[in-house]
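Engineer: Structural data only, the sequence is not supplied:
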């Protein structure tokens, strides 16, 4: 096996060019799933966190604090079970109880709920870490509970939550390629299909290159944002 | 409701699938344990080398770490598994999985250990030695306790992630827990094994999730 | 207009089994400057915080200008917007600058337009002597300055009543004076104030009334001269001798 062979098999320029358009279509699907999952998961996580904080600190009402329990279950289960398992259960198991979701949306749903679980924990921890005095000051000025949350507490919590949140969002985005396992025509699926078709692993390496080009700047960007916020 | 029990919590199917799942669990545990061990060693090794501040080596290590933290693990799995045949080496699935998990895990552990090493103030060693402690004593009583404190929360979190990632081996047809569950699901035409696999993972990993949270709270600065 | 601005009627507060307020009765007139003094743990802060229901009384009532704030139908947010509170730890909003700290409630609660709110906020900052710090974030200000901004924030809402919970206890000694001066100025302008403090000098100078609390009960409630120079209750004498 010499250098020329290596290039023929793994970095074959001809195959790279031929497969590129198809791979880019796959990349688009990957990005679509990621964009939907990240935005919806983020919002859902924040909403759940606010709900949980309200339930947990409702002082007098034991009933309300018990309502927290299903949410604890939701969050713990989705963080403990491997994403691929969750994905497979949602796509393959739900049809047995007459809930059939098309692949693309099954993938989106999976990553939305997984991210929401991680985001909820991060937001909740940061919200609860904010000094009680902030809430007291806001309420004593006459701001309602929701106004205090929205204008005083959440902006502060957000700054602290951003670093762990962004690294988790990147992790979820990488997991999006798992969608190929249930047949979604994302970048990885296209790459594998092309690889089988041409009996040459170059498409896989092309895909790896595209993934790296996509994620490397994201990873660097998040590290930069982390550093900026620490000031 | 009955439909849910019949399809997801079917006792008869559970009984029939249990052996298959047990085999899968064993593979998963072996894979997790071995990969974790290697990944920690690789990460530790690289972090220590990095602390020597040799420019060329550092650049190589940074490239390695950035590359394999950016590349999705599933892609890495496939790259490792599908490229070996072209070299005429046939790497068994199990070891392909170990290699992929080690490369990926190693990159993350390197960052964790590096942060741990860098977090130790130089003054600590100076103060310890100045008060008469030997090198080993300094290591054991001053440096390592502090380093472990910094390293433990993210390390357990990462170990948790690695164990979850063993599931990816199913895409290269390694008969770990999820693959076996899918197998059983296929042959028994009932998704209960999938639910069982999920529950087993839950039982396995939930304590780790809790432990990570506890450690993060305990050692938060 | 009610005769009394604040009426406290048989207020009890339990924290678990511990009775912290054992039946407080007080009536406060407009323009009264009341200082709550007493040993630690006497319940002074708790009493103060019950007035705007930051602490929920276990039993008893509090009336603000004739309206019962402790009642079931009370519009708590509205009533709170008419009571200003200044905290020991300032509790300024760190992500907002001084001006924004003052305008937030004006805009969100009073529904004022931004320009109007900013004008009012600047007036209040000027009153506490910090007009030039309007754009500064709390972390750029000294402790004394932060507390004065906190006072301006409370004043921006044009409250009927100002509550002060140990406003100078968290300050370095050289910064206490500027805050106390601001409070004295406020008192002279006719604001009704209830102040929990350890600053006896302030009590002597600015208070129209001094109440000594101990173990959840009011021991003395009189003008400063009478309380400091001719206390009636033996425990008051004991307490005063320790701090004066």
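Structural biologist: Looks like it arrived, so ask away. Everything numeric in this text was worked out from a predicted model, so none of it was measured.

Engineer: From here on, just use CA atoms for contacts and neighbour counts.
Structural biologist: Will do.

Engineer: who does the strand or helix carrying residue A:228 touch, helix- and strand-wise?
Structural biologist: Secondary structure from DSSP states H and E places residue A:228 in helix A:202-229. Contact analysis of helix A:202-229 by 3 or more CA pairs under 8 Å, 6 or more residues apart in numbering or on different chains; DSSP states H and E lists helix A:3-10, helix A:13-56, helix A:154-175, helix A:187-198, helix B:55-70, helix B:73-83 as its packing neighbours.

Engineer: Could you check how far the residue nearest to the spatial centre of chain B is from residue B:3?
Structural biologist: Chain B has residue B:162 as the residue nearest its centroid, 2.2 Å off, counting by CA atoms, centre = their mean. To residue B:3, residue B:162 is 35 Å away according to CA to CA, to the nearest Å.

Engineer: helix or strand for the residue nearest the centre of chain C, which one?
Structural biologist: Per CA atoms, centre = their mean, the C-alpha nearest to the average position across chain C is that of residue C:163, at 1.6 Å. Per DSSP H and E, residue C:163 falls inside strand C:161-165.

Engineer: Each with direction, which strands does that strand pair with?
Structural biologist: strand C:83-86 (parallel), strand C:192-196 (parallel) (DSSP bridges).

Engineer: for chain C, what are the nearby residues on chain A?
Structural biologist: Contact residues, chain A versus chain C (CA under 8 Å from any CA of the partner chain): A:133-134, A:136-144, A:147, A:152, A:155-156.

Engineer: make it 6 Å
Structural biologist: A:133-134, A:140-142 (CA under 6 Å from any CA of the partner chain).

Engineer: With secondary structure as new columns, can these be given to me in JSON lines?
Structural biologist: What follows is the residues of chain A next to chain C, written out as JSON lines (DSSP: H, G, I helix; E, B strand; the rest coil):
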{"residue": "A:133", "secondary structure": "helix"}
{"residue": "A:134", "secondary structure": "helix"}
{"residue": "A:140", "secondary structure": "helix"}
{"residue": "A:141", "secondary structure": "coil"}
{"residue": "A:142", "secondary structure": "coil"}
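
Engineer: relative to strand C:192-196, how tilted is the helix or strand following the strand holding residue C:163?
Structural biologist: Going down the chain from strand C:161-165, the next helix or strand is helix C:173-188, by DSSP H and E. Orientation check (axes from the mean of the first three to the mean of the last three CA atoms, to 10 degrees): helix C:173-188 against strand C:192-196 gives 150 degrees.

Engineer: pLDDT (mean, whole number) over helix C:173-188?
Structural biologist: Mean pLDDT, helix C:173-188: 93.

Engineer: that older thread, can you say which of the strands paired with strand C:161-165 is nearest to residue C:31?
Structural biologist: strand C:192-196 (4.2 Å; CA to CA).

Engineer: average pLDDT across the helix holding residue A:228?
Structural biologist: 84.

Engineer: where does residue B:103 land in three-state SS?
Structural biologist: Going by three-state DSSP: residue B:103 is helix.

Engineer: how many other residues sit next to it?
Structural biologist: 23 (other CA atoms under 10 Å in any protein chain shown).

Engineer: cool, residue C:2 as well?
Structural biologist: 12.

Engineer: Kindly report the same for residue A:14.
Structural biologist: 10.

Engineer: quick one on the thing from earlier: which one of the residues of chain A next to chain C is nearest residue C:141?
Structural biologist: Nearest member of the residues of chain A next to chain C to residue C:141, counting by CA to CA, is residue A:134, at 17.6 Å.

Engineer: thought the closest one was touching residue C:92?
Structural biologist: No. Judged on CA atoms under 6 Å, residue A:134 makes no contact with residue C:92 at a distance of 7.3 Å.

Engineer: other SSEs contacting the helix or strand of chain B with the lowest mean pLDDT?
Structural biologist: Taking mean pLDDT, DSSP states H and E as the measure, the helix or strand of chain B with the lowest value is helix B:135-137, at a mean of 76. Helices and strands touching helix B:135-137, by 3 or more CA pairs under 6 Å, 6 or more residues apart in numbering or on different chains; DSSP states H and E: there are none.

Engineer: what's downstream of it, the next helix or strand?
Structural biologist: Using DSSP H and E, the first helix or strand after helix B:135-137 is helix B:144-165.

Engineer: gap between the closest residue to residue A:34 other than its chain neighbours and residue C:239?
Structural biologist: Leaving aside its sequence neighbours, residue A:34 sits nearest to residue A:173 (CA to CA, 6 or more residues apart in numbering or on different chains; 5.5 Å). Distance from residue A:173 to residue C:239, counting by CA to CA: 65 Å.

Engineer: What are the buried residues along the least confident helix or strand of chain B?
Structural biologist: When burial is assessed from 16 or more other CA atoms under 10 Å in any protein chain shown, helix B:135-137 yields no buried residues.

Engineer: which other residues reach that helix?
Structural biologist: The contact list for helix B:135-137 (CA atoms under 6 Å, 6 or more residues apart in numbering or on different chains) is empty.

Engineer: Repeat that for stretch C:111-120.
Structural biologist: C:103, C:106.

Engineer: quick one: it to chain centroid distance?
Structural biologist: From the chain centre to the centre of stretch C:111-120 is a distance of 25 Å (CA atoms, centre = their mean, to the nearest Å).

Engineer: what about the residue nearest to the centre of chain C, distance to residue A:49?
Structural biologist: Residue C:163 sits 33 Å away from residue A:49 when distances are taken as CA to CA.

Engineer: can you check residue C:232 too?
Structural biologist: 55 Å.

Engineer: now the angle from whichever helix in chain B runs longest to helix B:55-70?
Structural biologist: Taking DSSP state H as the criterion, chain B has its longest helix at helix B:11-50. Here helix B:11-50 runs at an angle of 160 degrees relative to helix B:55-70 (the same axes, to 10 degrees).

Engineer: Tell me which residues of helix B:11-50 come out buried.
Structural biologist: Buried residues in helix B:11-50 (16+ other CA under 10 Å): B:13-14, B:17, B:20-22, B:24-25, B:27-33, B:35-44, B:46-47, B:50.

Engineer: No further queries at this time; thank you.
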